[in-house]
Each structure stands twice: as C-alpha cells, then as structure tokens.
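Student: Starting from these lines, generate the structure:
(one chain, ligands or ions: 1)
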Amino acid sequence: MTKHLLLLPGDGIGPEVMAEVERLIAWFNVHGGTKFETDRDVVGGASYDKHGTPVTEAAMKKALEADAVLFGAVGGPKYASAPYDKRPEAALLRLRKDLGLFANLRPALCFDALKESSTLKPEIVAGLDIMIVRELTGGVYFGEPRGITNLPNGERRGVDTQVYDTHEIHRIARVAFELARLRKGKVASAEKHNVMTSGLLWKEEVTKLHAAEYKDVELTHILADNCAMQLVRNPKQFDVIVTDNLFGDILSDEAAQLTGSIGMLPSASLGARDSNGKQRALYEPIHGSAPDIAGQDKANPIAAILSFAMCLRYSFAMKKEADLVERAVSGVLDQGIRTGDIMQPGKRQVGTKDMGSAVLAALDTIQR
Ligand code: NAD
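Tutor: Numbers count the residues shown, from 1 in each chain. The predicted structure is shown next:
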C-alpha cells in the first residue's frame, strides 16, 4: 500500500511550510500502515529561474502520474516583470487544467482556541465548520468570447462570457452532495438565477440532480449576494455551499476570513474519477508565497499541514489519520503555541520549525 506523492514546494515560504509537511509524511511512514513515497520538483518562480518556464513538461508528467500533488505557493516580486505566460501563477493554472481539477474544496473551520482572532464575535464563529465547493475550470474566467476590442466610436469594449453546460453543473453538484453525506447532510447552492440565465440553468440542473439521486441530502437555493451576507450574519447555518467559479472565488475568501489567519487555511482541488477509480488531486494552502516573511522561519505551516490532512481524507480515504492530524493541530493551539500571524497576548510565539515540531509531538502524545 504505497502512495506516491509529488511535492511542489514553489517559492517564498512554500519550501518552508512544505518542509514541515515532509516531517509529517515521515512520521506517518514510521507510525502508519500506509507508506508514502515522495518525489519533488521545482515550480513557479523556482522553475522559471532554473528552466525558463513556470512548470516543465517533466514536472507535469510527474503530476499526472502521482496519486496526489502537494503544492506550496508560487510567486514573488522578483517575477513581476516576467512575460505573462511565464509568470509563476501560470504553473498553477496549467496544473489545474491538465489534471482536470474542476472542484475546489475550501473548508472554513474555526478552531476553538482561535475564536477570539476572528473579526466576528466569538459566539458567531465558535464551532464553525463549513465547506465551500467552488467550480474551478468553467464559468466567466474561461468562457468565450472574451477580450478587449476597439469600437468604431473610439471607445474600447471588454467582454467576458459566463457559460456553463449541464455536465459541468452536475459534476460539481455531485461533489457537494457526496461531501454533505459525509458531513451534516446539507447543501446550499448559490447562484443569481434572478438576473443570470446561467444561474437559472444552474438552479434547475442542481434541483434535477438532487431529485434524481440525492433526496437524502437537504438542498436549499440561495442567491449569491444573500449568501455573502448570511456568511457574516450567521455562518453556522451552512454545511456545504456549492457555487460557480466567480461567486466561489469571492465567497470562499469571505468564509476564510471568518476563521482568522490565512496561515490556517487548507484547500483541495479534485478532478473526475477515471475508470480505475483514480482521482487526480492537488492540495495546497490558500496563502501565497508571503515574500515579506520568506526565509525568516516565521511562516505558519498549519495551512500546509491541514492540506496534507485533506489529502489523507479525500485522496486516500484515511479518515482516522486525517482526524489525527486535525486533533494534533487543535491540541497545539489549545496549549497556547502560536506562530506570529495568530499570536495572542499570553501565548507562546514560535517559528515555522517549532510549530511543525509541536504538531509532531502532539501526534506522538495522541498516539500513545
Ligand atoms: P500572501 O498570501 O502571500 O500574503 C498575504 C499576507 O499574509 C502577508 O502579510 C503574509 O506575510 C501573510 N501570510 C501568508 N501566508 C502566511 C503564513 N503561512 N504564515 C504567516 N503569515 C502568512 O499574498 P500576497 O502577499 O498577496 O502574494 C504574495 C505572492 O504570492 C504574489 O506573488 C502572489 O501572486 C502569490 N500568490 C500565490 C498563491 C498560490 O501560490 N496559490 C496564492 C496567492 C498569492
């Protein structure tokens, strides 16, 4: 039972947080039943520096062959003037496209020890556990026609096209319904059917799929603007929220903010299952390369660590091990151990490596 992982640490704090994930993988290789084999490659600015491209064909091949990809972060001021198609972020877009990663899972989970860090009142966020499922490869970010044209009257026109076909709506809604079955059994589908025909189609198709296959899950429809409002008014009313690429981009960032620091937030991007049951997947913290703190042992590795927990849960169905990692993180926070981004008065501030060590120590304690 060997699982093959491709590690793409990237730039800035990417390699620093990935190093802590590697220690975690080593821990599981000693203490768990499943063995992990890792391969690694450069990506983003690091790849541009070495190979003149943000991701090489060799790295893409490894990503396509791996059981799962663990990604750090890419980008930085050094690459601000790189050609558009060579910018570090292009690597992520290529990976998402070639691996067919159409479902982006963004949990917003509030650890009890951090409920005071949210900008919302503690009682609004305490115990918060929602999952935003964002469609990642369609909609207005990819629809044609798009572009800027010159008009005869001397003005310019910018066009983007929001477009969704039935199969794209069904496959993302299916991910949301399946997840809800493993959680509290509720899906809220967010769109703007009142003003957008693609939103109307979205609502009708989600309703059809629900009636045909997922009647056991509670489905509600919510307008995306109301969803944005409800997320700050009463976020705990939600379990799984499913939405399109554009609204998902905004709603997932809003939900992320409810829980405090960006250094705590993991994500998963999943593709379709092939005929052998293999599902391509990429796991990454939602934060960027944080050039302002890179190389200083200041980055919070928890988002990357929790991304690995998502990998255990969703790629390898290792629920017990995923729960173990999340309990270890929770335990470390309960002990008052904090990186600078989540520091609170009276707590003990540590760096990236010591936070990684604290999580490993907590795993040892729970395991005993
Ligand atoms: P960022 O997420 O890198 O940083 C925003 C702020 O949060 C910074 O103050 C940073 O120090 C802090 N921060 C981020 N992660 C942290 C962590 N783990 N621990 C402690 N503090 C943390 O966003 P940005 O500054 O807008 O972008 C920096 C670079 O990263 C840019 O080049 C951007 O394009 C890129 N970026 C990459 C990704 C990705 O690889 N998926 C995502 C977002 C931004």
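
Student: how about the residues of the chain that lie near the ligand?
Tutor: 13, 73-76, 89, 92, 262-263, 284, 287-293, 299-300, 303, 341 (C-beta under 6 Å from any ligand atom). Every residue, glycine included, has its C-beta placed from N, CA and C.

Student: Select only the buried ones of those residues in PyMOL?
Tutor: Buried subset of those, written as a PyMOL selection, criterion 16 or more other C-beta atoms under 10 Å:
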select buried, resi 13+73+74+75+76+89+92+262+263+284+287+288+289+290+293+299+300+303+341
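
Student: where are the low-confidence patches of the stretch 251-368 of the chain?
Tutor: Counting by pLDDT under 70, the stretch 251-368 of the chain contains no low-confidence segment.

Student: which stretches of it form helices?
Tutor: 302-314, 319-334, 352-367 (DSSP state H, counting those that start in this stretch).

Student: And the closest residue to the ligand within the stretch 101-250 of the chain, its phi and psi?
Tutor: Nearest residue of the stretch 101-250 of the chain to the ligand, counting by C-beta to the nearest ligand atom: residue 104, 11.3 Å away. As for residue 104, its main-chain torsions (degrees, to the nearest 10) stand at phi -100, psi 120.

Student: Could you check how many residues crowd around it?
Tutor: Burial of residue 104 is recorded as 24 neighbouring residues (other C-beta atoms under 10 Å).

Student: One more: residue 141?
Tutor: 16.

Student: Just give the closest residue to it, not the sequence neighbours.
Tutor: residue 245 (5.3 Å; C-beta to C-beta, 6 or more residues apart in numbering).

Student: Equivalent analysis for residue 136, please.
Tutor: In space, residue 136 is closest to residue 104, 4.4 Å off (C-beta to C-beta, 6+ apart).

Student: That neighbour is in contact with residue 248, isn't it?
Tutor: Yes - counting by C-beta atoms under 8 Å, residue 248 is a contact partner of residue 104 at 6.7 Å.

Student: Go ahead and measure how far stretch 96-107 is from the middle of the chain.
Tutor: Here the centre of stretch 96-107 is set off from its chain's centre by 9 Å, with C-alpha atoms, centre = their mean, to the nearest Å.

Student: again, but for stretch 42-52
Tutor: 23 Å.

Student: on that earlier part again, got the contact list for the residue nearest to residue 136?
Tutor: 133-136, 248, 252, 267-269 (C-beta atoms under 8 Å, 6 or more residues apart in numbering).

Student: Beta-bridge partners for it, please?
Tutor: Bridge pairing for residue 104 (DSSP bridges) gives the partners residue 134, residue 269.

Student: Return the distance of it relative to residue 292.
Tutor: 26 Å (C-beta to C-beta, to the nearest Å).

Student: same deal with residue 209?
Tutor: 44 Å.

Student: hmm, who's touching stretch 23-42?
Tutor: 1-10, 22, 47, 50-51, 56, 58-59, 62, 66, 305, 308, 316, 318, 321, 325, 356-357, 359-360, 363, 367.

Student: what's the answer for stretch 338-349, then?
Tutor: Outside stretch 338-349, the residues touching it (C-beta under 8 Å, 6+ apart) are 114, 116-117, 260-264, 293, 298-302, 333, 336-337, 350-352, 355.

Student: Buried among those? Need that as a selection in ChimeraX.
Tutor: In ChimeraX, this line selects whichever of these come out buried by 16+ other C-beta under 10 Å:
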select :114,117,260,261,262,263,264,293,298,299,300,301,302,333,337,350,351,352,355
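
Student: any idea how far residue 130 lies from residue 184?
Tutor: Noted for residue 130: a distance of 10 Å to residue 184, by C-beta to C-beta.
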